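J.: Have a look; sequence and predicted model below, questions after that.
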Amino acid sequence: MTDSPATKGEDIPLEIHDLTAGYHKKPVLWGIDLKVPKGKLVGVVGPNGAGKSTLIKAIMGLVPPSSGWVKIFGKTYNENRRRVGYVPQRESVDWDFPVTVMDVVMMGRYGHVGWFKRPKKADREIARDCLDKVKMLPFAKRQISNLSGGQQQRVFLARALAQESDIYFMDEPFAGVDAATETAIISLLHELREKGKTLLVVHHDLPTARNYFDQLLLLNMRVVAYGETEKVFTYELLQKTYGGRLTILSEVADAVGQRAK
Amino acid sequence: MVEPWTENLPTTFWIVLMGFLITAACGLIGNYLILRRMALVGDAISHSVLPGLAIAFLLSHSLNTLPMFIGALGAGIVTTVMIELIHKKTRVKQDSAIGITFSTLFAIGVILISLGQTDAVHLDAECVLYGEIAFVPLDLVKTELGPNALSVVKNIPGLNSEMFLNGNLLTIAPPPVIRMAVVTGITLLLIVVFYKELLVTSFDSGLSSSLGINSTVVHYALMGMLSVIIVSAFEAVGAILVIAMLILPGATASLLAHRLPPMFGITVVHALLSAVGGIHLATWLNCSPAGAMVVAGSALFALAWMFSPSQGLLQRWLGRELDELDEEDIERLAKGV
């Protein structure tokens, strides 16, 4: 490399080089190389166990990489943490937790507030605006256990919006939500993209992936393909990603298997 | 009914204050144990501080506060590390890992205590298990006041009573009560100062790590604080009753409130009521005050279970009125905001 990443990489929201990561010394991701340009809505697609969530977690340092590096706008994740927004899987938290909708969205401001300090009025205003954007403002004072799946996901999105980031990582934001919420989420994602934000979204539904995303990352422990959706969404590449399992029969089997879990 | 407050005021006062301080400190940190589904870890640490105390005692030959705190802190951290290690490096599940860890450490503690029996001062295994809050007022510290100080003290309404002032001797709180008051105060302070960090690591460790708030560090800090609280409560309530005090206030609060700040309020009220209720029960039955305080706390939990506005049995018997109310609430909010 002749260009130092600091001078060249600053306008590249996400650059990954030779990233290998996994759990218990067993790599789930092998030698990932990726360079995502600004203002793209990227879908991350692949079979179960392909390492989609692990990729997002490895980028944010939640799963320690065994080799390779990740740069966010040309710097390490820790240096540019405030420019990153995160939407974890909805099931990863306890929805009986004694917090209100507003409390959860306020957590999105914590990265800006800093240690020892209390959130200010301005933070509260931002949180309210974000709740309004996902049409959850009337629920602000509600305890989160009274929410439907779609409402929970909207709250998570509002929290990510409150982070006011430049690049967003979302883990299955469409999982288990109603049709109205799905439409609301996708138009929100498009709106963010229009504002020049970059979004990496883990997605499990192939048919909709084609319509939702500008670019697709086909992942199965390695990067199978990455590029504009119309170029990447081909039978051959999908076949390669999903192994021989891309038949209707096996998809049904997968769906049944998932439900059984 | 007012008997404990008239005949034995000084004794009663110190016992109730101690009971209140212990239950409040345990209850406050207990809220986080419950929310993080770590109630069992509280159980574990309450037992595994024993070897820490024994080692601190064997090394320092004293029962002073500092070595005991250091011993407990060390034991708490070792317990936490051991549970993590067994859980992560083997196929053993977390509840089993907790079981292995605390029973092993407790057993080591028992051995160490019996080895230490030959010393002039000795640790009492029975006291460690059950504690004796009734002994708390025995070592009242009195200090002689000069004429100037005496006139100042006499003008402070609360202090100018037989309870605190006898001639020119001013009674200062018993050392265990002072120690507990400091620990309870620090607990409250830390919970207020680190409210955000504790909240986000408890609710969503993924988000907190992505924000740069290290949930492991918070976890260990919480366990360290827990060890210190437990060891300061030990002498009075012992390793077993302290578990009830960790869980009962928070569990009661979780039935009555839906946000952390009011839950903390309820926790403190619960602590006060169970301490006062306990001393009455103990006087009436002539039994152990610590045990009675726990029973009073359990009774409060049962009451909350019956009458909780959202999850109470009574509410369920009365039907689904609350749900209807909730719908109206939403509409009102939707129009108003």
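T.: Received the coordinates, thanks. Every value quoted in this text rests on a predicted model; they were computed, and no experiment measured them. Numbering: from 1, shown residues only, chains lettered A, B, ... in the order given.
J.: quick one: the strands in chain B?
T.: With strands called from DSSP state E, chain B shows them at B:141-144, B:165-166, B:169-172.
J.: Any chance of JSON lines for those strands, columns mean neighbour count?
T.: Every residue, glycine included, has its C-beta placed from N, CA and C. JSON lines is the format used below for the strands of chain B (neighbours: other C-beta atoms under 10 Å in any protein chain shown):
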{"stretch": "strand B:141-144", "mean neighbour count": "11"}
{"stretch": "strand B:165-166", "mean neighbour count": "14"}
{"stretch": "strand B:169-172", "mean neighbour count": "15"}
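J.: Out of those strands, which is closest to chain A?
T.: For these, the distance to chain A is smallest for strand B:169-172, at 33.5 Å, taking C-beta to the nearest C-beta.
J.: just checking, B:Leu33 touches B:Gly250?
T.: Yes. The criterion here is C-beta atoms under 8 Å, and B:Leu33 meets it with B:Gly250 at 7.3 Å.
J.: Once you drop chain neighbours, what's closest to B:Phe301?
T.: If the residues on either side of it in the chain are set aside, B:Phe301 comes closest to B:Thr252, at 4.6 Å by C-beta to C-beta, 6 or more residues apart in numbering or on different chains.
J.: Which residues are in contact with the one you found?
T.: With contact set as C-beta atoms under 8 Å, 6 or more residues apart in numbering or on different chains, B:Thr252 has these partners: B:Ile266, B:Thr267, B:His270, B:Gly297, B:Leu300, B:Phe301, B:Ala304.
J.: what about 7 Å?
T.: By C-beta atoms under 7 Å, 6 or more residues apart in numbering or on different chains, the contact list for B:Thr252 reads B:Ile266, B:His270, B:Leu300, B:Phe301, B:Ala304.
J.: what's the residue closest to the geometric middle of chain A?
T.: With distances taken as C-alpha atoms, centre = their mean, A:Met170 lies nearest the centre of chain A, 1.6 Å away.
J.: Over to that residue. Which of the three states is it?
T.: strand (DSSP: H, G, I helix; E, B strand; the rest coil).
J.: which residues does it contact?
T.: Counting by C-beta under 7 Å, 6+ apart, A:Met170 makes contact with A:Val87, A:Leu199, A:Val201, A:Val202.
J.: between those, which is nearest chain B?
T.: The closest of those to chain B turns out to be A:Val87 (C-beta to the nearest C-beta; 8.8 Å).
J.: My read is that the closest one contacts A:Leu157, right?
T.: Yes. Under the criterion of C-beta atoms under 7 Å, A:Val87 makes contact with A:Leu157 at 6.4 Å.
J.: can you list residues touching both of the two?
T.: With C-beta under 7 Å, 6+ apart, A:Val87 and A:Leu157 have common neighbours A:Pro173.
J.: what about stretch A:100-115 and chain B, touching?
T.: Yes. Judged by C-beta under 7 Å from any C-beta of the partner chain, stretch A:100-115 comes into contact with chain B through A:Thr100, A:Met107, A:Tyr110, A:Gly111, A:Val113.
J.: pLDDT averaged over the strand or helix carrying the fourth one - what is it?
T.: By that I understand A:Gly111. Assigned by DSSP states H and E, A:Gly111 belongs to helix A:110-113. Here helix A:110-113 scores 87 as its mean pLDDT.
J.: cool, stretch B:48-55 as well?
T.: Averaged over stretch B:48-55, pLDDT sits at 88.
J.: likewise stretch B:308-317?
T.: Across stretch B:308-317, the average pLDDT comes to 73.
J.: try stretch A:81-94
T.: On average, stretch A:81-94 scores 89.
J.: buried sites along it?
T.: Neighbour counts over stretch A:81-94 (16 or more other C-beta atoms under 10 Å in any protein chain shown) mark A:Arg81, A:Arg83, A:Val84, A:Gly85, A:Tyr86, A:Val87, A:Pro88, A:Gln89, A:Arg90, A:Val93, A:Asp94 as buried.
J.: Quick check: the two most widely separated of the residues you listed?
T.: Longest distance between any two of these is 28.4 Å, between A:Arg83 and A:Asp94; criterion C-beta to C-beta.
J.: And the closest residue to A:Leu188 other than its chain neighbours, how far from A:Ile167?
T.: Using C-beta to C-beta, 6+ apart and skipping residues adjacent in sequence, the residue nearest A:Leu188 is A:Leu157, 6.4 Å away. Separation of A:Leu157 from A:Ile167 (C-beta to C-beta, to the nearest Å) stands at 15 Å.
J.: Those two: who's more crowded?
T.: A direct count of neighbours by other C-beta atoms under 10 Å in any protein chain shown for A:Leu157 and A:Ile167 places A:Leu157 higher, at 28 against 20.
J.: Would you agree that one is in contact with A:Ile186?
T.: No. Assessed by C-beta under 7 Å, A:Leu157 is found out of contact with A:Ile186, at 11.1 Å.
J.: Quickly note the distance from A:Ala180 to chain B.
T.: Distance, A:Ala180 to chain B, by C-beta to the nearest C-beta, to the nearest Å: 16 Å.
J.: contacting residues around B:Val268?
T.: Contact partners of B:Val268, counting by C-beta under 7 Å, 6+ apart, are B:Ala24.
J.: Same question for the one 4 residues further on.
T.: For B:Leu272, the contact set (C-beta under 7 Å, 6+ apart) comprises B:Phe20.
J.: do the same with B:Ala304
T.: Applying C-beta under 7 Å, 6+ apart, the residues near B:Ala304 are B:Thr252, B:Leu255, B:Leu256.
J.: B:Glu197 - how many residues pack around it?
T.: Residues near B:Glu197, counting by other C-beta under 10 Å: 20.
J.: count of neighbours near B:Ile243?
T.: Residues contacting B:Ile243 under the criterion other C-beta under 10 Å number 23.
J.: which residues sit in contact with it?
T.: Residues near B:Ile243 by C-beta under 7 Å, 6+ apart: B:Gly42, B:Asp43, B:Ser46.
J.: next one: A:His112
T.: Contacts for A:His112 (C-beta under 7 Å, 6+ apart) come out as A:Arg82.
J.: could you redo the last one with a cut-off of 10 Å?
T.: By C-beta atoms under 10 Å, 6 or more residues apart in numbering or on different chains, the contact set of A:His112 is A:Arg82, A:Pro119, A:Lys120, A:Ala122, A:Asp123, A:Ile126, A:Ala162, A:Gln163, A:Glu164, B:Leu211.
J.: Pull out the buried residues from these.
T.: Among these, those buried by neighbour count (16+ other C-beta under 10 Å) are A:Pro119, A:Asp123, A:Ile126, A:Ala162, A:Gln163, A:Glu164, B:Leu211.
J.: is it fair to say the first one lies in a strand?
T.: No. The secondary structure assignment for A:Pro119 gives coil rather than a strand, going by three-state DSSP.
J.: tell me the pLDDT at it?
T.: pLDDT, A:Pro119: 87.
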